[in-house]
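K.L.:
predicted model and sequence follow; I will ask about them next.
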Amino acid sequence: GRRTSNKEIRELVAKLRREIPDIALRTTFISGFPGETEEQHEELMDFVDEVEFERLGVFTYSPEEDTPAAEMLDQIPEEIKQKRRNEIMELQQDIAFEKSESMKGSVLEVMIDGKVADENAYVGRTYMDSPGVDGLIFVNTGLSLMSGDFVRVRVTGALEYDLIGEVEDEFTE
């Protein structure tokens, strides 16, 4: 039921990246919607590979009672849905790691969410991260911080979905 074409979406993404260089694009996809072909799945994989979303999630289609899709022919077997979901998420994991690696050396404003037990470290979020959904940034510091504090953090390391950093200066809000 989308009212935009593949071309329009690609053009919009290109414009957003051009106009807002530090934008964090996020989306969610459904794998295994009734009638989805292997070719459509491959097209989606190519799209994800080209666009390189900063944050991406995939869930498998599940029929909901009294919806048109639940009555559609060509329901996709569960194992195919899972396989396709896993393929997209493996691709996204590579993209996310490359994006995390490219953040090394940059300084980000981080909102502290809490302290790591028994360490001089905290967990926080950048402007790109939704709570409970996205990755975290682990912040090493000797400062005493509280949830809700903002600190400038230099990224020193990267994991697949998380960053590691050190407080850049003594500035906190």
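P.N.:
Perfect, thanks for sending it.

K.L.:
share the number of residues neighbouring Thr126, please.
P.N.:
20 (other CB atoms under 10 Å). (Glycine included, C-beta is placed from N, CA and C.)

K.L.:
surely it and Ile137 touch.
P.N.:
Yes. At 5.9 Å, Thr126 counts as touching Ile137 under the criterion of CB atoms under 8 Å.

K.L.:
intersection of neighbour lists for those two?
P.N.:
Common contacts of Thr126 and Ile137 (CB atoms under 8 Å, 6 or more residues apart in numbering): Leu108, Val110, Leu163.

K.L.:
what ranges does this protein have for its helices?
P.N.:
All helices of the chain, identified by DSSP state H, fall at 6-19, 38-51, 68-71, 78-102.

K.L.:
give me the angle between the second one and helix 78-102.
P.N.:
Orientation note: helix 38-51 sits at an angle of 10 degrees relative to helix 78-102 (axes from the mean of the first three to the mean of the last three CA atoms, to 10 degrees).

K.L.:
center of this protein, which residue is that?
P.N.:
Among the residues of the chain, Arg55 comes closest to the average C-alpha position under CA atoms, centre = their mean, at 1.6 Å.
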